[in-house]
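Asker: this one's sequence-less:
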Ligand code: C2O
Ligand code: CU
Ligand code: CU
(Lines give C-alpha, C1' and ligand atoms only; values in the text may rest on other atoms or scores of the structure.)
(Ligands and ions follow the chains in the order given, each with its own letter.)
Protein backbone atom coordinates (compact mmCIF):
# COMPACT_ATOMS: atom_id res chain seq x y z
CA UNK A 1 0.00 0.00 0.00
CA UNK A 2 1.39 3.37 -1.04
CA UNK A 3 0.22 6.90 -0.33
CA UNK A 4 0.95 9.58 -2.90
CA UNK A 5 0.18 13.24 -2.37
CA UNK A 6 -0.13 15.19 -5.56
CA UNK A 7 1.26 18.61 -4.79
CA UNK A 8 2.63 21.83 -6.18
CA UNK A 9 6.25 22.39 -5.39
CA UNK A 10 9.34 24.06 -6.77
CA UNK A 11 12.36 22.07 -7.83
CA UNK A 12 15.65 22.68 -9.56
CA UNK A 13 15.65 21.34 -13.10
CA UNK A 14 17.92 23.78 -14.89
CA UNK A 15 20.97 24.34 -12.67
CA UNK A 16 20.49 27.13 -10.14
CA UNK A 17 16.83 27.90 -10.94
CA UNK A 18 13.82 26.67 -9.03
CA UNK A 19 10.71 26.16 -11.11
CA UNK A 20 7.10 25.43 -10.09
CA UNK A 21 6.01 21.86 -10.79
CA UNK A 22 2.99 19.65 -10.22
CA UNK A 23 4.28 16.47 -8.66
CA UNK A 24 3.56 13.12 -7.17
CA UNK A 25 5.13 13.35 -3.70
CA UNK A 26 7.20 16.44 -4.46
CA UNK A 27 9.53 14.97 -7.09
CA UNK A 28 9.68 14.77 -10.87
CA UNK A 29 9.48 11.99 -11.91
CA UNK A 30 7.27 10.79 -9.06
CA UNK A 31 8.43 7.95 -6.80
CA UNK A 32 9.29 4.72 -8.64
CA UNK A 33 7.14 1.87 -7.37
CA UNK A 34 8.62 -1.65 -7.58
CA UNK A 35 6.22 -4.57 -7.37
CA UNK A 36 6.22 -8.34 -7.68
CA UNK A 37 4.04 -9.95 -10.31
CA UNK A 38 0.64 -10.97 -8.94
CA UNK A 39 1.01 -9.07 -5.66
CA UNK A 40 -1.71 -6.44 -5.72
CA UNK A 41 -0.83 -2.88 -4.83
CA UNK A 42 -3.14 -0.13 -3.65
CA UNK A 43 -2.05 3.44 -4.17
CA UNK A 44 -3.98 6.14 -2.34
CA UNK A 45 -3.69 9.44 -4.19
CA UNK A 46 -4.42 12.70 -2.34
CA UNK A 47 -4.96 15.68 -4.57
CA UNK A 48 -3.68 18.98 -3.16
CA UNK A 49 -3.17 20.51 -6.61
CA UNK A 50 -5.39 23.40 -7.76
CA UNK A 51 -7.09 21.22 -10.42
CA UNK A 52 -8.86 17.87 -10.63
CA UNK A 53 -6.67 14.94 -11.58
CA UNK A 54 -6.96 11.37 -12.83
CA UNK A 55 -4.33 8.66 -12.34
CA UNK A 56 -3.73 5.99 -14.98
CA UNK A 57 -1.23 3.15 -14.74
CA UNK A 58 -0.10 2.87 -18.35
CA UNK A 59 0.32 -0.75 -19.38
CA UNK A 60 -1.42 -2.07 -16.27
CA UNK A 61 -4.04 -4.81 -16.43
CA UNK A 62 -6.38 -2.97 -14.15
CA UNK A 63 -10.11 -3.18 -13.40
CA UNK A 64 -12.04 -0.28 -14.97
CA UNK A 65 -12.72 1.43 -11.59
CA UNK A 66 -8.98 1.92 -11.10
CA UNK A 67 -7.92 2.49 -14.70
CA UNK A 68 -8.22 6.28 -14.58
CA UNK A 69 -11.10 7.03 -16.92
CA UNK A 70 -10.65 10.69 -18.00
CA UNK A 71 -13.78 11.93 -16.24
CA UNK A 72 -13.28 9.82 -13.11
CA UNK A 73 -11.77 12.70 -11.17
CA UNK A 74 -9.94 13.12 -7.93
CA UNK A 75 -11.07 16.63 -6.97
CA UNK A 76 -8.59 19.03 -5.39
CA UNK A 77 -8.82 19.56 -1.65
CA UNK A 78 -10.07 23.14 -1.98
CA UNK A 79 -12.43 22.77 -4.90
CA UNK A 80 -15.70 24.66 -5.09
CA UNK A 81 -18.21 21.84 -5.33
CA UNK A 82 -20.61 23.44 -7.77
CA UNK A 83 -21.66 22.36 -11.21
CA UNK A 84 -20.42 25.64 -12.67
CA UNK A 85 -16.93 25.56 -11.26
CA UNK A 86 -16.46 21.94 -12.27
CA UNK A 87 -17.76 22.70 -15.72
CA UNK A 88 -15.48 25.71 -16.17
CA UNK A 89 -12.53 23.56 -15.26
CA UNK A 90 -13.37 21.22 -18.07
CA UNK A 91 -14.82 18.49 -15.91
CA UNK A 92 -17.14 16.80 -18.34
CA UNK A 93 -18.38 14.61 -15.52
CA UNK A 94 -21.57 16.62 -15.47
CA UNK A 95 -22.54 15.40 -18.94
CA UNK A 96 -21.67 11.82 -18.31
CA UNK A 97 -24.29 9.83 -16.47
CA UNK A 98 -21.89 6.91 -16.07
CA UNK A 99 -19.08 8.89 -14.48
CA UNK A 100 -18.03 7.73 -11.06
CA UNK A 101 -18.49 9.81 -7.93
CA UNK A 102 -15.65 12.29 -7.60
CA UNK A 103 -13.56 12.69 -4.45
CA UNK A 104 -10.55 14.45 -2.93
CA UNK A 105 -8.50 11.35 -2.53
CA UNK A 106 -8.99 7.82 -3.68
CA UNK A 107 -7.55 4.36 -3.76
CA UNK A 108 -6.38 2.90 -7.02
CA UNK A 109 -6.00 -0.87 -6.90
CA UNK A 110 -3.61 -2.65 -9.24
CA UNK A 111 -3.63 -6.48 -9.33
CA UNK A 112 -0.35 -6.53 -11.34
CA UNK A 113 -1.15 -10.05 -12.43
CA UNK A 114 0.73 -9.66 -15.70
CA UNK A 115 4.09 -10.11 -17.40
CA UNK A 116 6.86 -8.18 -15.61
CA UNK A 117 7.69 -4.91 -17.31
CA UNK A 118 8.20 -1.18 -16.94
CA UNK A 119 4.89 0.64 -16.55
CA UNK A 120 4.33 4.31 -15.91
CA UNK A 121 1.65 6.22 -14.10
CA UNK A 122 0.54 9.60 -15.31
CA UNK A 123 -2.32 12.06 -15.28
CA UNK A 124 -5.23 11.32 -17.65
CA UNK A 125 -7.80 14.10 -17.12
CA UNK A 126 -9.99 14.75 -20.13
CA UNK A 127 -8.68 17.61 -22.30
CA UNK A 128 -5.91 18.47 -19.79
CA UNK A 129 -3.60 15.46 -19.81
CA UNK A 130 -0.82 17.06 -21.86
CA UNK A 131 -0.19 20.14 -19.66
CA UNK A 132 -0.54 18.03 -16.49
CA UNK A 133 2.11 15.52 -17.59
CA UNK A 134 4.27 18.38 -18.84
CA UNK A 135 4.16 20.03 -15.38
CA UNK A 136 5.40 16.84 -13.78
CA UNK A 137 2.62 14.30 -13.22
CA UNK A 138 4.44 11.14 -14.34
CA UNK A 139 6.26 8.33 -12.55
CA UNK A 140 7.54 4.78 -13.07
CA UNK A 141 6.20 1.47 -11.85
CA UNK A 142 8.30 -1.66 -12.36
CA UNK A 143 6.92 -5.20 -12.09
CA UNK A 144 9.38 -8.03 -11.49
CA UNK A 145 9.19 -11.79 -11.11
CA UNK A 146 11.52 -14.66 -10.23
CA UNK A 147 11.84 -15.95 -13.79
CA UNK A 148 13.13 -12.59 -14.98
CA UNK A 149 15.40 -12.17 -11.95
CA UNK A 150 17.00 -15.55 -12.74
CA UNK A 151 17.99 -14.69 -16.32
CA UNK A 152 21.26 -13.06 -15.28
CA UNK A 153 20.54 -9.75 -17.01
CA UNK A 154 22.47 -6.68 -15.83
CA UNK A 155 20.94 -5.63 -12.51
CA UNK A 156 21.41 -3.40 -9.50
CA UNK A 157 23.33 -0.24 -10.39
CA UNK A 158 23.55 -1.52 -13.98
CA UNK A 159 19.81 -1.55 -14.51
CA UNK A 160 18.75 1.99 -15.35
CA UNK A 161 15.18 3.06 -15.95
CA UNK A 162 15.39 6.09 -18.26
CA UNK A 163 12.33 8.32 -18.44
CA UNK A 164 13.10 10.52 -21.42
CA UNK A 165 11.16 13.75 -21.88
CA UNK A 166 11.58 17.12 -23.53
CA UNK A 167 10.58 20.36 -21.83
CA UNK A 168 10.65 24.08 -22.61
CA UNK A 169 11.79 26.81 -20.25
CA UNK A 170 11.20 30.54 -20.38
CA UNK A 171 14.02 33.09 -20.29
CA UNK A 172 14.04 33.12 -16.46
CA UNK A 173 14.58 29.37 -16.40
CA UNK A 174 11.12 28.31 -15.25
CA UNK A 175 9.27 25.49 -16.94
CA UNK A 176 6.78 26.74 -19.52
CA UNK A 177 4.12 24.95 -21.55
CA UNK A 178 4.49 26.83 -24.83
CA UNK A 179 0.87 26.66 -25.96
CA UNK A 180 -0.28 28.28 -22.67
CA UNK A 181 2.55 30.81 -22.44
CA UNK A 182 0.95 34.29 -22.74
CA UNK A 183 4.16 35.70 -24.21
CA UNK A 184 3.72 33.29 -27.11
CA UNK A 185 0.04 34.12 -27.81
CA UNK A 186 -1.30 33.34 -31.22
CA UNK A 187 -2.30 36.12 -33.54
CA UNK A 188 -5.87 35.78 -34.82
CA UNK A 189 -6.07 33.75 -37.99
CA UNK A 190 -2.76 31.99 -37.40
CA UNK A 191 -2.98 28.21 -37.58
CA UNK A 192 -2.33 26.54 -34.24
CA UNK A 193 1.39 25.73 -34.29
CA UNK A 194 0.81 23.11 -31.58
CA UNK A 195 -1.50 20.95 -33.69
CA UNK A 196 1.40 18.52 -34.11
CA UNK A 197 1.98 18.55 -30.33
CA UNK A 198 4.20 20.49 -27.96
CA UNK A 199 7.98 20.12 -28.12
CA UNK A 200 10.67 21.36 -25.77
CA UNK A 201 14.30 22.07 -26.55
CA UNK A 202 15.73 20.66 -23.30
CA UNK A 203 16.00 16.88 -23.03
CA UNK A 204 15.49 15.49 -19.52
CA UNK A 205 16.32 11.97 -18.39
CA UNK A 206 14.63 11.12 -15.09
CA UNK A 207 14.02 14.84 -14.66
CA UNK A 208 17.63 15.99 -15.19
CA UNK A 209 18.84 17.83 -18.29
CA UNK A 210 21.34 15.83 -20.38
CA UNK A 211 22.72 13.84 -17.42
CA UNK A 212 26.16 12.23 -17.38
CA UNK A 213 26.15 8.85 -15.69
CA UNK A 214 29.46 7.60 -14.29
CA UNK A 215 29.76 3.88 -14.44
CA UNK A 216 31.98 0.87 -15.14
CA UNK A 217 33.05 -1.42 -17.97
CA UNK A 218 30.01 -3.69 -17.87
CA UNK A 219 26.80 -4.48 -19.67
CA UNK A 220 23.95 -2.14 -18.75
CA UNK A 221 20.23 -2.67 -19.00
CA UNK A 222 18.53 0.55 -20.12
CA UNK A 223 14.79 0.53 -19.56
CA UNK A 224 13.76 3.33 -21.88
CA UNK A 225 10.42 5.12 -21.63
CA UNK A 226 9.61 7.99 -23.96
CA UNK A 227 7.42 10.08 -21.64
CA UNK A 228 7.54 13.10 -23.96
CA UNK A 229 4.25 14.66 -24.98
CA UNK A 230 4.98 14.63 -28.70
CA UNK A 231 8.67 14.09 -29.43
CA UNK A 232 9.87 10.99 -31.28
CA UNK A 233 13.38 9.66 -30.78
CA UNK A 234 15.66 7.41 -32.74
CA UNK A 235 18.24 6.42 -30.18
CA UNK A 236 21.79 5.38 -30.85
CA UNK A 237 24.76 4.86 -28.53
CA UNK A 238 27.99 6.32 -29.91
CA UNK A 239 31.44 6.19 -28.29
CA UNK A 240 33.85 9.12 -28.25
CA UNK A 241 35.82 7.33 -30.97
CA UNK A 242 32.72 7.40 -33.17
CA UNK A 243 31.83 3.74 -32.81
CA UNK A 244 28.13 2.90 -32.69
CA UNK A 245 27.36 0.32 -30.02
CA UNK A 246 24.62 -2.20 -30.73
CA UNK A 247 21.40 -1.76 -28.75
CA UNK A 248 20.28 -5.26 -27.90
CA UNK A 249 16.55 -5.14 -27.34
CA UNK A 250 15.33 -7.63 -24.75
CA UNK A 251 11.88 -6.27 -24.01
CA UNK A 252 8.97 -4.21 -25.30
CA UNK A 253 6.09 -2.32 -23.63
CA UNK A 254 4.66 -5.51 -22.13
CA UNK A 255 7.80 -7.32 -21.08
CA UNK A 256 10.51 -9.60 -22.40
CA UNK A 257 10.81 -10.62 -26.04
CA UNK A 258 11.14 -14.29 -26.98
CA UNK A 259 14.73 -13.63 -28.10
CA UNK A 260 16.97 -10.56 -28.28
CA UNK A 261 16.82 -8.26 -31.32
CA UNK A 262 19.86 -6.13 -32.17
CA UNK A 263 19.36 -2.54 -33.37
CA UNK A 264 21.80 0.12 -34.45
CA UNK A 265 19.22 2.84 -34.00
CA UNK A 266 15.99 2.41 -32.10
CA UNK A 267 12.86 4.45 -32.83
CA UNK A 268 10.89 5.28 -29.66
CA UNK A 269 7.50 6.96 -30.00
CA UNK A 270 5.71 8.70 -27.12
CA UNK A 271 4.65 6.22 -24.36
CA UNK A 272 6.61 3.29 -25.83
CA UNK A 273 9.06 1.37 -23.66
CA UNK A 274 12.14 -0.46 -24.90
CA UNK A 275 14.28 -2.64 -22.70
CA UNK A 276 17.80 -2.71 -24.16
CA UNK A 277 21.22 -3.96 -23.13
CA UNK A 278 24.28 -1.98 -24.15
CA UNK A 279 27.73 -3.44 -23.67
CA UNK A 280 30.54 -1.30 -22.25
CA UNK A 281 32.82 -4.28 -21.46
CA UNK A 282 35.37 -3.67 -24.21
CA UNK A 283 35.70 0.07 -23.62
CA UNK A 284 38.81 1.67 -22.11
CA UNK A 285 38.40 3.42 -18.77
CA UNK A 286 37.96 7.12 -19.44
CA UNK A 287 35.79 6.68 -22.50
CA UNK A 288 32.44 8.31 -22.99
CA UNK A 289 29.34 6.98 -24.68
CA UNK A 290 26.62 9.33 -25.81
CA UNK A 291 23.00 8.35 -26.13
CA UNK A 292 21.87 10.41 -29.11
CA UNK A 293 18.56 11.10 -30.81
CA UNK A 294 19.12 10.90 -34.56
CA UNK A 295 15.87 12.79 -35.14
CA UNK A 296 16.99 15.77 -33.06
CA UNK A 297 18.86 18.81 -34.24
CA UNK A 298 21.33 20.94 -32.29
CA UNK A 299 20.99 20.32 -28.58
CA UNK A 300 17.96 18.04 -28.96
CA UNK A 301 20.33 15.51 -30.58
CA UNK A 302 21.88 14.84 -27.19
CA UNK A 303 19.98 12.75 -24.66
CA UNK A 304 22.53 11.69 -22.05
CA UNK A 305 26.08 10.40 -21.70
CA UNK A 306 27.86 7.59 -19.91
CA UNK A 307 31.32 8.21 -18.54
CA UNK A 308 33.22 4.95 -18.01
CA UNK A 309 35.32 5.66 -14.93
CA UNK A 310 36.05 2.20 -13.51
CA UNK A 311 37.15 -1.22 -14.74
CA UNK A 312 35.19 -4.18 -13.46
CA UNK A 313 34.39 -7.80 -14.12
CA UNK A 314 30.92 -8.51 -15.40
CA UNK A 315 29.10 -11.82 -15.12
CA UNK A 316 25.79 -10.60 -16.54
CA UNK A 317 24.49 -12.11 -19.75
CA UNK A 318 21.78 -11.83 -22.36
CA UNK A 319 20.40 -15.35 -22.78
CA UNK A 320 19.37 -16.40 -26.29
CA UNK A 321 15.90 -17.34 -24.99
CA UNK A 322 14.34 -14.60 -22.87
CA UNK A 323 10.76 -15.78 -22.47
CA UNK A 324 8.46 -18.53 -23.69
CA UNK A 325 5.08 -17.16 -22.57
CA UNK A 326 4.34 -14.68 -25.35
CA UNK A 327 0.81 -15.05 -26.70
CA UNK A 328 0.73 -16.50 -30.21
CA UNK A 329 -2.64 -15.35 -31.57
CA UNK A 330 -3.04 -16.16 -35.24
CA UNK A 331 -5.07 -14.08 -37.67
CA UNK A 332 -7.37 -17.09 -38.11
CA UNK A 333 -8.27 -16.81 -34.38
CA UNK A 334 -9.78 -13.38 -34.91
CA UNK A 335 -13.55 -13.03 -34.43
CA UNK A 336 -13.57 -9.74 -36.33
CA UNK A 337 -11.30 -7.24 -38.06
CA UNK A 338 -12.02 -3.59 -37.36
CA UNK A 339 -10.62 -0.49 -38.96
CA UNK A 340 -9.97 2.88 -37.29
CA UNK A 341 -8.63 5.98 -38.97
CA UNK A 342 -6.49 8.45 -37.00
CA UNK A 343 -6.80 11.77 -38.82
CA UNK A 344 -7.13 15.51 -38.38
CA UNK A 345 -10.60 16.94 -38.82
CA UNK A 346 -13.17 19.44 -37.70
CA UNK A 347 -14.59 19.29 -34.17
CA UNK A 348 -17.06 21.59 -32.42
CA UNK A 349 -14.13 23.59 -31.04
CA UNK A 350 -12.48 24.04 -34.47
CA UNK A 351 -9.65 21.82 -35.59
CA UNK A 352 -8.88 18.61 -33.80
CA UNK A 353 -7.80 15.01 -34.08
CA UNK A 354 -10.33 12.28 -34.68
CA UNK A 355 -10.64 8.51 -34.52
CA UNK A 356 -12.99 7.13 -37.16
CA UNK A 357 -14.03 10.68 -37.96
CA UNK A 358 -15.25 11.43 -34.42
CA UNK A 359 -13.88 13.45 -31.50
CA UNK A 360 -13.82 11.78 -28.06
CA UNK A 361 -17.14 11.75 -26.24
CA UNK A 362 -17.32 9.97 -22.88
CA UNK A 363 -21.06 9.43 -23.36
CA UNK A 364 -20.69 7.50 -26.62
CA UNK A 365 -19.71 3.87 -26.98
CA UNK A 366 -17.30 3.54 -29.90
CA UNK A 367 -16.52 -0.15 -29.99
CA UNK A 368 -17.95 -3.10 -28.08
CA UNK A 369 -15.95 -6.31 -27.90
CA UNK A 370 -16.71 -9.61 -26.23
CA UNK A 371 -14.55 -10.65 -23.31
CA UNK A 372 -12.16 -13.32 -24.50
CA UNK A 373 -12.40 -12.53 -28.21
CA UNK A 374 -9.32 -12.22 -30.40
CA UNK A 375 -9.59 -9.29 -32.81
CA UNK A 376 -7.50 -7.69 -35.51
CA UNK A 377 -7.47 -3.91 -35.58
CA UNK A 378 -6.33 -2.05 -38.65
CA UNK A 379 -5.11 1.42 -37.65
CA UNK A 380 -4.71 4.01 -40.40
CA UNK A 381 -2.82 7.26 -39.96
CA UNK A 382 -2.54 10.60 -41.75
CA UNK A 383 0.54 11.81 -39.82
CA UNK A 384 2.54 10.19 -37.00
CA UNK A 385 0.27 8.79 -34.25
CA UNK A 386 1.46 6.55 -31.40
CA UNK A 387 -1.69 4.54 -30.69
CA UNK A 388 -2.25 3.05 -27.23
CA UNK A 389 -4.82 0.54 -25.99
CA UNK A 390 -5.69 0.32 -22.33
CA UNK A 391 -5.91 -3.06 -20.54
CA UNK A 392 -4.50 -5.34 -23.23
CA UNK A 393 -1.16 -6.02 -24.82
CA UNK A 394 -1.10 -6.67 -28.55
CA UNK A 395 1.23 -7.87 -31.27
CA UNK A 396 1.98 -6.02 -34.48
CA UNK A 397 0.95 -8.12 -37.49
CA UNK A 398 1.85 -5.91 -40.42
CA UNK A 399 2.70 -2.44 -41.66
CA UNK A 400 1.19 -1.47 -45.00
CA UNK A 401 0.65 -5.16 -45.70
CA UNK A 402 4.32 -5.96 -45.13
CA UNK A 403 5.89 -7.74 -42.16
CA UNK A 404 6.38 -5.70 -38.98
CA UNK A 405 9.66 -3.90 -38.31
CA UNK A 406 12.34 -5.35 -35.99
CA UNK A 407 11.36 -3.00 -33.14
CA UNK A 408 7.72 -4.14 -33.36
CA UNK A 409 8.77 -7.42 -31.74
CA UNK A 410 7.13 -8.72 -28.59
CA UNK A 411 4.02 -7.67 -26.75
CA UNK A 412 3.16 -3.99 -26.99
CA UNK A 413 0.56 -1.57 -25.69
CA UNK A 414 1.53 1.38 -27.88
CA UNK A 415 2.35 1.23 -31.57
CA UNK A 416 3.81 4.03 -33.65
CA UNK A 417 1.79 4.63 -36.82
CA UNK A 418 4.04 6.40 -39.28
CA UNK A 419 2.65 8.97 -41.73
CA UNK A 420 0.29 7.39 -44.23
CA UNK A 421 0.66 3.96 -42.72
CA UNK A 422 -1.90 1.20 -42.07
CA UNK A 423 -0.80 -1.01 -39.19
CA UNK A 424 -2.53 -4.23 -38.22
CA UNK A 425 -2.43 -5.42 -34.62
CA UNK A 426 -3.89 -8.53 -33.01
CA UNK A 427 -4.97 -8.96 -29.41
CA UNK A 428 -7.24 -10.86 -27.09
CA UNK A 429 -9.57 -8.75 -24.98
CA UNK A 430 -9.39 -10.53 -21.66
CA UNK A 431 -9.08 -9.62 -18.02
CA UNK A 432 -12.07 -7.46 -17.17
CA UNK A 433 -15.41 -6.32 -18.48
CA UNK A 434 -16.05 -2.61 -18.51
CA UNK A 435 -15.21 0.65 -20.16
CA UNK A 436 -11.66 1.34 -21.31
CA UNK A 437 -9.99 3.60 -23.83
CA UNK A 438 -7.79 3.66 -26.84
CA UNK A 439 -6.16 6.83 -28.03
CA UNK A 440 -3.25 8.57 -29.64
CA UNK A 441 -0.46 9.06 -27.07
CA UNK A 442 0.76 12.25 -28.58
CA UNK A 443 -0.55 13.97 -25.46
CA UNK A 444 -1.75 17.06 -27.33
CA UNK A 445 -3.57 14.90 -29.89
CA UNK A 446 -5.18 13.04 -27.01
CA UNK A 447 -6.36 16.33 -25.48
CA UNK A 448 -7.58 17.44 -28.92
CA UNK A 449 -10.04 14.53 -28.81
CA UNK A 450 -8.09 11.66 -30.45
CA UNK A 451 -9.48 9.12 -28.01
CA UNK A 452 -12.30 6.56 -28.11
CA UNK A 453 -14.21 4.28 -25.77
CA UNK A 454 -13.64 0.55 -25.74
CA UNK A 455 -16.36 -1.45 -23.98
CA UNK A 456 -15.63 -5.03 -23.05
CA UNK A 457 -18.82 -7.01 -22.40
CU1 LIG B 1 -0.42 6.43 -21.09
CU2 LIG B 1 -4.39 6.30 -21.79
O3 LIG B 1 -2.39 6.40 -21.42
CU1 CU C 1 -2.69 3.38 -20.76
CU1 CU D 1 -1.71 11.57 -32.82
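Answerer: Everything's here; your move. What you see is a predicted model, and the numbers here were worked out from it, not measured in a lab. Ligands and ions are numbered 1, 2, ... in the order given.

Asker: so residue 449 touches residue 354, yeah?
Answerer: Yes - the criterion here is Cβ atoms under 8 Å, and residue 449 meets it with residue 354 at 6.7 Å. Just so you know, the C-beta spots here come from the backbone N, C-alpha and C atoms, and that holds for glycine as well.

Asker: so for those two, which residues contact both of them?
Answerer: residue 347 (Cβ atoms under 8 Å, 6 or more residues apart in numbering).

Asker: how near is whichever residue of the chain sits closest to ligand 2 to residue 437?
Answerer: Nearest residue of the chain to ligand 2: residue 58, at 3.8 Å (Cβ to the ion). Residue 58 sits 11 Å away from residue 437, taking Cβ to Cβ, to the nearest Å as the criterion.

Asker: please apply the same query to residue 246.
Answerer: Counting by Cβ to Cβ, the gap from residue 246 to residue 437 is 36 Å.

Asker: over to residue 447?
Answerer: In this view, residue 447 and residue 437 are 13 Å apart by Cβ to Cβ.

Asker: show me the contacts for the nearest residue to residue 345 once chain neighbours are set aside.
Answerer: Computed as Cβ to Cβ, 6 or more residues apart in numbering, the closest residue to residue 345 that is not its neighbour in sequence is residue 354, at 4.3 Å. By Cβ under 8 Å, 6+ apart, the residues touching residue 354 are 341, 342, 343, 344, 345, 347, 449, 450.

Asker: can you tell me the element the fourth one falls in?
Answerer: Just to be clear, that refers to residue 344. Residue 344 belongs to strand 336-347 when elements are defined using DSSP states H and E.

Asker: buried residues, the helix or strand that that strand is followed by. List them.
Answerer: Sequence order places strand 350-355 as the next helix or strand after strand 336-347, per DSSP H and E. Buried residues in strand 350-355, defined by neighbour count with 16 or more other Cβ atoms under 10 Å: 352, 353, 354, 355.

Asker: circling back: so which of the contacts of residue 354 is the closest to ligand 1?
Answerer: Set against ligand 1, the nearest of the contacts of residue 354 by Cβ to the nearest ligand atom is residue 450 (11.1 Å).

Asker: count the residues that sit near that closest one.
Answerer: Number of residues near residue 450 (other Cβ atoms under 10 Å) recorded here: 26.

Asker: how about the residue in the stretch 151-300 of the chain that ligand 1 sits nearest to, secondary structure?
Answerer: Using Cβ to the nearest ligand atom, residue 271 is the residue of the stretch 151-300 of the chain that sits closest to ligand 1, at 5.0 Å. Assigned with DSSP: H, G, I helix; E, B strand; the rest coil, residue 271 falls in the coil class.

Asker: wait, residue 375 sits on residue 336?
Answerer: Yes - using Cβ under 8 Å, residue 375 is in contact with residue 336, at 5.4 Å.

Asker: with neighbour numbers in mind, choose between the two.
Answerer: Shown here are residue 375 and residue 336; by other Cβ under 10 Å, residue 375 has more neighbours (21 against 12).

Asker: so what's that one bridging to?
Answerer: Taking DSSP bridges as the rule, residue 375 bridges to residue 336, residue 427.

Asker: then residue 123?
Answerer: residue 55.

Asker: equivalent analysis for residue 213, please.
Answerer: Beta-bridge partners of residue 213, as defined by DSSP bridges: residue 306.

Asker: which residues touch the residue of the chain closest to ligand 2?
Answerer: 119, 120, 121, 122, 271, 388, 413.

Asker: same check on residue 326?
Answerer: Contacts of residue 326 (Cβ under 8 Å, 6+ apart): 257, 258, 395, 410, 411.

Asker: in strands only, show me these.
Answerer: Per DSSP state E, strands hold the following members of the contacts of residue 326: 257, 258, 395.

Asker: got a quick PyMOL command for the buried subset of these?
Answerer: Selection of buried members from the ones in strands among the contacts of residue 326 for PyMOL, criterion 16+ other Cβ under 10 Å:
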select buried, resi 257+258+395
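
Asker: kindly reformat the ones in strands among the contacts of residue 326 as CSV containing distance to ligand 3 and pLDDT.
Answerer: As requested, those are exported to CSV (distance: Cβ to the ion, whole Å; pLDDT from 0 to 100):
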residue, distance to ligand 3, pLDDT
257, 26, 98
258, 30, 98
395, 21, 98
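
Asker: could the ones in strands among the contacts of residue 326 go into CSV alongside distance to ligand 1?
Answerer: Below are the ones in strands among the contacts of residue 326 laid out as CSV (distance: Cβ to the nearest ligand atom, whole Å):
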residue, distance to ligand 1
257, 21
258, 25
395, 19
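
Asker: rewinding a little: which ones among the buried residues of strand 350-355 come in contact with ligand 2?
Answerer: For ligand 2, no contacts are drawn from the buried residues of strand 350-355 by Cβ under 5 Å from the ion.

Asker: where exactly do the strands run in the stretch 251-400 of the chain?
Answerer: Secondary structure of the stretch 251-400 of the chain by DSSP state E, counting those that start in this stretch: the strands cover 255-263, 266-268, 273-279, 288-293, 302-310, 336-347, 350-355, 367-369, 374-381, 385-389, 394-399.
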